[in-house]
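Enquirer: Structure of the sequence below:
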Amino acid sequence: MLSILDRYFLRELAQTVAATAVVLLVIMAGSAFARVLQQVANGSFPASVMFQVLGLNMLDGLSNLLPLAGFLGVFWSLGRMYRESEMHVLASSGMGPRGLLRPIGILAAVLAAMVAMVSTWLGPWAARTSDQLVAEANRSVIAAGLDAGRFTELPGKGGIIFVDTLSRDGSQLGNTLLVTERPGKDKDSPAVVKLVTGKSGQLYQDTNGEGRFLSLRDGWQYEIPLGGDNWRKMQYERNDASLSNVQNDDSDEDPAHTVPTFDLARVTTPDGRAEFAWRITVPVMSIVLMMLSLPLSRQSPREPRYGRMLLAVLAFFLYFNLLALCRAQIIKGHWHNAGSMWAVSLLVFAGAAWMFRNQYAARNVRKGKA
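Expert: As a prediction, this is how the structure comes out:
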């Protein structure tokens, strides 16, 4: 049975954590939207699936956002109680450290369960679904950015294309105009503009899904050197042209991140072991950060409002970078399991518990001189 103080602390802490999570989610949405928008501009996938990919990417990022939101939310809420002397009044009324640990422990357990669900199941599912969505969209001509009735710049400076009609499924094209430019054979040779027309067209891809090609039928091809008069004209029945490869700007893409957790546990590659170690460590990180917020949030009413906040952010980044360093060592093959990451978490938790215990330890009374 929870006491009145337990319910009060849980309500105040949960509200602050939720508000902090919303703020961090908005910040993450802005950076994720800029990254997705750049991928759309480079032709990685069409704008029609942009918001689905954005939502899935944000869902995948919750495993790193929720621990930080819990840490900052608890830190800010307890800091406010200390500055407004609520904690001092409760301590003078007989509330000891156990009265504070109980609601914090409940909130930490709930948050760790949520992070575990995201890191082990929801995050990898979102990553797989996003990849499948993009792969499915790239099978359509819409993925090249084409739209009937307007000139479209192909990704990767591939040229300009125009189609007058487009089938509903995006597989068949009507009258098509394709204009590309290639440099000369040497420095003195002028650039050559290649202009291709066709009465119909069809888009197809390589078997690996990377190369994107346009097959045109019954048309003309012109090769025009800029500044020259030696034009070339050719009539054809079929002419295949490359629309440039599907772009992928996600340099941090990790194939192991999309593997289900149960399958990842049997993977022996360094990347797979590092990904599995991270997934099982992130929930523990939530509990460690909750413990770390207890000693860092204690402050006097006259203490600067944001002085401790800077210290808390530095402590978080130090802890997070230590875990990232351990993960990098696993990826390099120097370490083979999550033992180092658990050791770092245990040391940080022990240090936070020691600082919290010393804050509530009884002070020795100084004896005056006789």
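
Enquirer: Give me the packing partners of the longest strand along the chain, helices and strands only.
Expert: If you go by DSSP state E, the chain has its longest strand at strand 212-225. Counting contacts by 3 or more Cβ pairs under 8 Å, 6 or more residues apart in numbering; DSSP states H and E, strand 212-225 packs against strand 176-182, strand 192-198, strand 200-205, strand 232-242. C-beta: built from backbone N, CA, C; applies to glycine.

Enquirer: do that again at 10 Å, thanks
Expert: Secondary-structure packing of strand 212-225 (3 or more Cβ pairs under 10 Å, 6 or more residues apart in numbering; DSSP states H and E): strand 172-173, strand 176-182, strand 192-198, strand 200-205, strand 232-242.

Enquirer: low-scoring pLDDT stretches of this protein, where are they?
Expert: Under the criterion pLDDT under 70, the flagged ranges of the chain are 41-46, 96-97, 137-146, 154-158, 169-171, 206-211, 243-254, 360-370.

Enquirer: Could I get the full set of helices for it?
Expert: Assigned by DSSP state H, the chain shows helices spanning 4-41, 50-60, 62-83, 86-92, 97-117, 123-138, 261-264, 270-297, 307-331, 339-360.

Enquirer: Take those and write them to TSV, including mean neighbour count and distance to residue 183.
Expert: TSV is the format used below for the helices of the chain (neighbours: other Cβ atoms under 10 Å; distance: least, Cβ to Cβ, whole Å):
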stretch	mean neighbour count	distance to residue 183
helix 4-41	15	24
helix 50-60	18	33
helix 62-83	22	44
helix 86-92	14	71
helix 97-117	17	52
helix 123-138	18	28
helix 261-264	14	46
helix 270-297	22	39
helix 307-331	16	40
helix 339-360	16	51
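
Enquirer: Tell me which of these lies nearest to residue 184.
Expert: helix 4-41 (28.6 Å; Cβ to Cβ).

Enquirer: gap between the spatially closest residue to residue 62 that is not a sequence neighbour and residue 279?
Expert: Nearest-residue entry for residue 62: residue 118, 4.7 Å, with adjacent residues in sequence omitted and distances by Cβ to Cβ, 6 or more residues apart in numbering. Counting by Cβ to Cβ, to the nearest Å, the separation of residue 118 from residue 279 is 10 Å.

Enquirer: same thing with residue 5?
Expert: Distance of residue 5 to residue 279, computed by Cβ to Cβ: 35 Å.

Enquirer: just residue 350 next, same as before
Expert: Between residue 350 and residue 279 the computed distance is 23 Å (Cβ to Cβ).

Enquirer: who touches both of residue 118 and residue 279?
Expert: 63, 124 (Cβ atoms under 10 Å, 6 or more residues apart in numbering).

Enquirer: ok, residue 337 touching residue 272?
Expert: No. Assessed by Cβ atoms under 10 Å, residue 337 is found out of contact with residue 272, at 11.7 Å.

Enquirer: Mutual contacts of those two, please.
Expert: residue 330.

Enquirer: picking up where we left off before, which stretch among the helices and strands packed on strand 212-225 comes nearest residue 222?
Expert: strand 192-198 (4.4 Å).

Enquirer: tell me what the closest one is packed against?
Expert: strand 159-163, strand 176-182, strand 212-225, strand 232-242.

Enquirer: List the buried residues in the last one.
Expert: If you call a residue buried by 16 or more other Cβ atoms under 10 Å, then strand 232-242 has these buried ones: 239, 241.

Enquirer: State the phi and psi torsions of residue 2.
Expert: Taking degrees, to the nearest 10, you get phi -80, psi 140 for the backbone angles of residue 2.

Enquirer: list the contacts for it?
Expert: For residue 2, the contact set (Cβ under 10 Å, 6+ apart) comprises 8-10, 102-103, 106.

Enquirer: nearest spatial neighbour of the most centrally placed residue in the chain, skipping sequence neighbours?
Expert: Taking Cα atoms, centre = their mean, the centroid of the chain lies closest to residue 61, which sits 4.6 Å from it. Distances taken as Cβ to Cβ, 6+ apart place residue 28 nearest to residue 61, at 5.7 Å, with adjacent residues excluded.
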